[in-house]
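> got a predicted model here, sequence first, then my questions.
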Amino acid sequence: MYKCCIFDLDGTLVNTIDSLSRSVSLTMNHFGYGDVDVAHTKVFVGDGYKKLVERALIYSGDEALTHYDEALGVYREIFKENSLYRAEAYDGIPELLEFLKGRGIKIGILTNKPHDRAVECADAVFEKGYFDLIIGEGKGVVCKPDPSGAWMAAEHFQARPEECLYFGDTDTDMKTGLNAGMDTVAVTWGFRGREELESFHPKYVIDHPSEIKSVFE
């Protein structure tokens, strides 16, 4: 049976779409471009802030990425101030995490969000030290969908990949779980739709956190 659950952060545990859309919009505004709406932000995220900025610039008209290097620095500064803007746990997530803890299941976060911002978000939305492990961008692992971060988490929990459940809401997450050899849980309340997630044939597809509890009962 499963020894640990590894969660993506944005779009899986915490709804951060307003903070991401606000931050990337303010970054584009800095260069005279318009806002990036929530719908496009949902498509642009998932592969780390560098890809987010790149995609937003192209969407805004800077196809040559003339402002790319400067925009990365601008985004980092703006995101520091806005990373928790309207961020909140999805319905049912706190109850699921307590359920898992009560059964001795280790819980960890693996995210392409910069590590410091990931810890800040987890501490603010849940509580400091609530998760047994947090791995964010910049902690010496290649960004998802490379499986190295997932394997690092499994090793930390002294679990084999097949003893881990990996939860995510994007194509990047589906690829991560599959690449790592972990049973993958697609969550439909995040940033991508059911059809896209199902195309990767994850082990489970759930519409609410409570639906996965039966696996542990």
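It's in.
> remind me, longest strand of the protein?
Secondary structure of the chain per DSSP state E: the longest strand is strand 106-114.
> and Glu127, what does it touch?
Residues counted as contacts of Glu127 (Cβ atoms under 8 Å, 6 or more residues apart in numbering): none. For the C-beta atoms, the positions are set from N, CA and C on the backbone; glycine is no exception.
> and it, backbone torsions?
Torsion angles at Glu127 (phi, psi; degrees, to the nearest 10) stand at phi -160, psi 160.
> surely Cys4 meets Ile109?
No: if you go by Cβ atoms under 8 Å, Cys4 and Ile109 don't touch, sitting 11.5 Å apart.
> those two: who's more crowded?
Set side by side, Cys4 and Ile109 show more neighbours around Ile109, with 25 against 22, by other Cβ atoms under 10 Å.
> hey, where'd the helices end up in the protein?
17-30, 38-44, 49-60, 68-82, 93-102, 115-125, 148-156, 171-180, 194-198 (DSSP state H).
> the first one packs against which elements?
Using 3 or more Cβ pairs under 8 Å, 6 or more residues apart in numbering; DSSP states H and E as the contact definition, the elements that helix 17-30 packs against are helix 38-44, helix 49-60, helix 68-82.
> so what secondary structure elements neighbour the longest one?
Using 3+ Cβ pairs under 8 Å, 6+ apart, the elements in contact with helix 68-82 are helix 17-30, helix 49-60.
> cool, and the shortest one?
Helices and strands touching helix 38-44, as assessed by 3+ Cβ pairs under 8 Å, 6+ apart, comprise helix 17-30, helix 49-60.
> quick one: distance of that helix to the chain centre.
Its chain's C-alpha centre and that of helix 38-44 lie 14 Å apart, by Cα atoms, centre = their mean, to the nearest Å.
> ok, residues contacting that helix?
Outside helix 38-44, the residues that reach it (Cβ under 8 Å, 6+ apart) are 11, 17-18, 20-21, 24, 36, 51-52, 55-56, 59, 191-192.
> just among those, which is most surrounded?
Highest neighbour count within the contacts of helix 38-44: Val24, with 29 neighbours (other Cβ under 10 Å).
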